[in-house]
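Enquirer: Quick one, fold the following:
(chains A and B)
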Amino acid sequence: MSRVAEFLLRRKGGKGWHWTDIVTWVWLVGGLFIMFGPAVWLVGSSFKSPAALAEFPPSILPYVTQKATVEGYDKPLDLYDVTLPDGSKATLAEVRRIGIISQMVDPQKPGEIIKVNIAERTPVRQMSFATGNYTEPFTQFDFVRYLWNSVFVTVTATLITLVVNSMAAFALSKYEFRGRTFAMLLILATLMVPLSVIMVPLYSIISALGLFNNLWGVILPTVATPTGVFILRQYMLTIPDELIDAARMDKASEWQIYWRIILPLTAPALAVLAIFSVVWRWNDFLWPLIVLSRKELYTLQVGLSIYSGELNVQWHFILAMTVVTMIPVVLVFIFLQRFITTGIAGTGLK
Amino acid sequence: MGHIKLTNVTKSFGAVDVIHGINLEIANGELVVFVGPSGCGKSTLLRIIAGLEKPTGGELAIDGKVVNDTPAADRGLAMVFQSYALYPHMSVRQNLAFGLENTKMPKAEITERITEAARMLEIEPYLDRRPGQLSGGQRQRVAIGRAIVRRPVAFLLDEPLSNLDAELRGSTRAELAALHARLSATMIYVTHDQVEAMTLADRIVVLRAGRIEQIGTPLELYNSPANRFVAGFIGSPHMNFLEGTVEAVQSGKAIAALPGGQRIEIAVNGANIGKGARITVGVRPQHITVGSDAAGIPASIKLVEALGSETVIHADVSGQKILVVAPGQHNLTPGTELRLSLAAAPLHLFNERGLRLDHAV
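Expert: Coordinates of the predicted model:
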């Protein structure tokens, strides 16, 4: 513990507080709360009951007020810690509240009503995980089907993205042809066109191809990404051309050069793009919502919108299912991040 | 197998001409070295032969067949690259096998060829390692091995020793020579190092600015360089050049005056030089004798490099730098004067345009 404190409070030069120490500390701690706070709140709140969610001030952890069944009362009563007028403390159950006076009863002696000022009582709270937030959607709603749709769309789209984008990047980085730079710029220029601009024409194309209400209609328009082509091309430019010359001398076809030389050497960049693609496709909402109108084709993100109705938003289900939908993305990131940092173990060049 | 013929081969990159009409014939089993300063087009020429670059004009024939439009893979050549260009993600064995697998060769034969090449190059212990785990010398062997297993019509080597340290370069050079003798295959070797060229080559092709300056055996080039460039390029340390004017020609001898006023006598042997012609006299540092002979050329010593077996003297002869390699050890101090004698030296004469004046050395 002291070592943790020592680490956290380490300062420039080891002595005194320089102003940069304070700025760094505030910046990093502030960053930690801004970045990590919402995630912690999300996970904590996903276990809250609807009542606890509506509570103010909000809490990070899911607390519920303890209840006790008292003889003579039909419903369980809320328990409170009360400071009595004589200064002693007791745990009492609230029967009803009138103005600022609360009528309470001792669970042990249910006959006698004690009147307490509401300022003198605090609820007895304990942590309680509303796991029903997680289990109910699985039984009530078609969660497994949405999950499967999402997995199918994400995996297929990512695989096609990697293949299509790496092919384009290979051509744009390793072949000399007229208009190469122009083609690259044109691809990059499409970054400036937002989805909302091309939504309608894209919809007519998908509709004309008969891909409306089809998962392929969600997958295909997204597989060619300018960002992906750019990342991969820049990485492939660093692969020495001599390797390709060597492969040509080794009677490798262009396809073999791509598949057996370029792709394995581009692995770190492919990992980056894979992470991006998984996150993009998994979190896609607008486009699947447009293309998919049949419930059994919904992806998770579209499925989640079921819980937010016009009049009533079921936050506890939304929060719990958001946690579930985050898990795969986090796992993919944890698994692939070492590929980003490792790079290629050895190089055959000097 | 392995006869390569280039006829008027030219190459330009856009508006820049890098190869100007190369004519060259390489016999089967010959080790030809392309040598020249950097940027002379020697690597480009090799890549044209390999098929990695297309010639702009002219004709390239291998074993009598014009291969201008044949892709690199189908020319039956193997190349060793300057950076080795080993596939970093494959083991040494996979590196060697890659080219053979692409020809759909049966597995058993691939294994046999790899075993044989690995034994020849002594890389058997590293077959399952990746190139990144090998030293420079080992990578170099793997690169050569990758060429050997293909059993090519000819080997193309692009500065294969330039990434090795001096000691390793010497021993690998000897191994390459032995390998050539053993495989008796045609080899084209590109280098900028004239020592490598001299020690390895059957014939040397000296290139400058995309043109062939001279083709010949190492000793032909050393003994009768066709022009001032070849003379200066071949031999180490390089040849000394003294500018002078012919003052008199009589009975096979010419008297040339050096800028400092000294006169030297040159055997002309029928060379066509007249009185007043500006000539360059070339003399190798090893052929100059150091003495106190009054008839010698006076020179002042600038620097003395004592190498033990020989002494390299940097001297100044009336403003022109002269290198002298004197055998043995000499106790000389910079700043003092000495006399240099060219009496015993074979002299090379070049005219104003740097071309050799035809005379016997």
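
Enquirer: Strands along the stretch 251-361 of chain B, start to end?
Expert: For the stretch 251-361 of chain B, applying DSSP state E, counting those that start in this stretch gives strands covering B:253-257, B:263-267, B:278-283, B:289-291, B:297-306, B:310-317, B:320-327, B:337-341, B:348-350.

Enquirer: same check, this time on the stretch 151-300 of chain A
Expert: Going by DSSP E, counting those that start in this stretch, the stretch 151-300 of chain A shows no strands.

Enquirer: Contact residues of it facing chain B?
Expert: Residues of the stretch 151-300 of chain A found near chain B (Cβ under 8 Å from any Cβ of the partner chain) are A:240, A:242-243, A:245-253, A:256, A:260-261, A:264-265. Where you see a C-beta, it was placed from the backbone N, CA and C, and this is true even at glycine.

Enquirer: Now, these that are in helices?
Expert: Secondary structure from DSSP state H places A:242-243, A:245-249, A:256, A:264-265 of those in helices.

Enquirer: Out of those, give me the one that has the most neighbours.
Expert: Greatest neighbour count in those, by other Cβ atoms under 10 Å in any protein chain shown, goes to A:Ala246: 30 neighbours.

Enquirer: Near the closest residue to it other than its chain neighbours, how many other residues are there?
Expert: Closest residue to A:Ala246 apart from its sequence neighbours, by Cβ to Cβ, 6 or more residues apart in numbering or on different chains: B:Ala85 at 3.9 Å. Here the neighbour count serves as a burial measure; for B:Ala85 (other Cβ under 10 Å) it reads 27.

Enquirer: Now do the SS call for B:Ala85.
Expert: The three-state label given to B:Ala85 by DSSP: H, G, I helix; E, B strand; the rest coil is coil.

Enquirer: Surely B:Glu109 is in a helix?
Expert: Yes. Counting by three-state DSSP, B:Glu109 is located in a helix.

Enquirer: so what pLDDT did it get?
Expert: Listed pLDDT for B:Glu109 reads 94.

Enquirer: Let's verify the closest residue to it other than its chain neighbours: helix, strand, or coil?
Expert: Distances taken as Cβ to Cβ, 6+ apart place B:Leu100 nearest to B:Glu109, at 7.7 Å, with adjacent residues excluded. Following three-state DSSP, we place B:Leu100 in the helix state.

Enquirer: Please give me every residue in contact with B:Leu100.
Expert: B:109-110, B:113, B:149-150 (Cβ atoms under 8 Å, 6 or more residues apart in numbering or on different chains).

Enquirer: May I ask which helix or strand encompasses the closest residue to B:Gly145 other than its chain neighbours?
Expert: Spatial nearest neighbour of B:Gly145, chain neighbours left out: B:Ala117 (4.6 Å); criterion: Cβ to Cβ, 6+ apart. Using DSSP states H and E, the element containing B:Ala117 is helix B:107-121.

Enquirer: Neighbours of residue 308, how many?
Expert: No chain in the question, so chain A it is. Neighbour number of A:Ser308 under other Cβ under 10 Å is 12.

Enquirer: actually chain B
Expert: 7.

Enquirer: tell me the contacts of it?
Expert: Contact partners of B:Gly308, counting by Cβ under 8 Å, 6+ apart, are B:Gln329.

Enquirer: Other residues contacting the helix holding B:Ala117?
Expert: Residues contacting helix B:107-121 (Cβ under 8 Å, 6+ apart): B:93, B:96-97, B:100-101, B:124, B:127, B:141-142, B:144-145, B:148-149, B:151, B:179, B:182.

Enquirer: how about the closest residue to chain B within the stretch 51-200 of chain A, phi and psi?
Expert: The minimum distance from the stretch 51-200 of chain A to chain B, using Cβ to the nearest Cβ, falls at A:Glu176 (10.8 Å). Main-chain torsions, A:Glu176, degrees, to the nearest 10: phi -90, psi 120.

Enquirer: Could you report the pLDDT at A:Gly346?
Expert: At A:Gly346, pLDDT is 35.

Enquirer: scratch that, B:Ile123 is what I was asking about
Expert: pLDDT for B:Ile123: 90.

Enquirer: That one against B:Ile144, yeah?
Expert: No. Contact between B:Ile123 and B:Ile144 fails when scored by Cβ atoms under 8 Å: they sit 9.3 Å apart.

Enquirer: just to revisit the earlier point, what about the residue of the stretch 51-200 of chain A closest to chain B, how many residues nearby?
Expert: By the criterion of other Cβ under 10 Å, A:Glu176 has 5 neighbours.

Enquirer: For the closest residue to B:Glu305 other than its chain neighbours, give me its contacts.
Expert: Spatial nearest neighbour of B:Glu305, chain neighbours left out: B:Val312 (4.1 Å); criterion: Cβ to Cβ, 6+ apart. The neighbourhood of B:Val312, defined by Cβ under 8 Å, 6+ apart, consists of B:237, B:285, B:304-305, B:323-325.

Enquirer: circling back to that earlier point, tell me the two of the ones in helices among the residues of the stretch 151-300 of chain A next to chain B that are most distant?
Expert: Using Cβ to Cβ, those span at most 18.8 Å, a distance reached by A:Met249 and A:Pro264.

Enquirer: hmm, back to that, please check the contacts of helix B:107-121 and keep the buried ones.
Expert: Neighbour-count burial (16 or more other Cβ atoms under 10 Å in any protein chain shown) applied to the contacts of helix B:107-121 gives B:93, B:96-97, B:100-101, B:127, B:141-142, B:144-145, B:148-149, B:179.

Enquirer: Identify those among those that sit within helices.
Expert: B:93, B:96-97, B:100-101, B:141-142, B:144-145, B:148, B:179.

Enquirer: any idea which of these is the one closest to A:Leu304?
Expert: Proximity of those to A:Leu304 (Cβ to Cβ) peaks at B:Glu101, which lies at 49.9 Å.

Enquirer: mind checking how far the closest residue to the closest one other than its chain neighbours is from B:Ala185?
Expert: Spatially, and ignoring its direct neighbours in sequence, B:Glu101 is nearest to B:Ile110 (6.8 Å; Cβ to Cβ, 6+ apart). Distance of B:Ile110 to B:Ala185, given as Cβ to Cβ, to the nearest Å: 20 Å.

Enquirer: How about the contacts made by residue 90?
Expert: In the absence of a named chain, chain A is used. Applying Cβ under 8 Å, 6+ apart, the residues contacting A:Ala90 are A:81-82, A:84, A:106.

Enquirer: That was the other one, I meant chain B.
Expert: With the criterion set at Cβ under 8 Å, 6+ apart, B:Met90 makes contact with B:98, B:130-131.

Enquirer: Give me the residues contacting the helix or strand A:Glu112 falls within.
Expert: Here A:Glu112, judged by DSSP H and E, is contained in strand A:109-117. Contact with strand A:109-117 is made by A:70-73, A:80, A:82, A:84, A:92, A:95, A:100-106, as judged by Cβ under 8 Å, 6+ apart.

Enquirer: The closest residue to chain A within the stretch 1-150 of chain B: neighbour count?
Expert: Nearest to chain A, among the residues of the stretch 1-150 of chain B, is B:Gly132, at 1.6 Å (Cβ to the nearest Cβ). Using other Cβ under 10 Å, B:Gly132 is surrounded by 15 other residues.

Enquirer: Verify the contact between it and B:Tyr87 for me.
Expert: No. Taking contacts as Cβ under 8 Å, B:Gly132 lies outside contact range of B:Tyr87: 10.9 Å.

Enquirer: returning to that earlier point: reformat the ones in helices among the residues of the stretch 151-300 of chain A next to chain B as CSV; add distance to A:Tyr235 and pLDDT.
Expert: Formatted as CSV, those follow (distance: Cβ to Cβ, whole Å; pLDDT from 0 to 100):
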residue, distance to A:Tyr235, pLDDT
A:Glu242, 17, 91
A:Leu243, 14, 93
A:Asp245, 19, 93
A:Ala246, 19, 93
A:Ala247, 18, 93
A:Arg248, 21, 91
A:Met249, 24, 91
A:Gln256, 20, 93
A:Pro264, 12, 92
A:Leu265, 9, 91
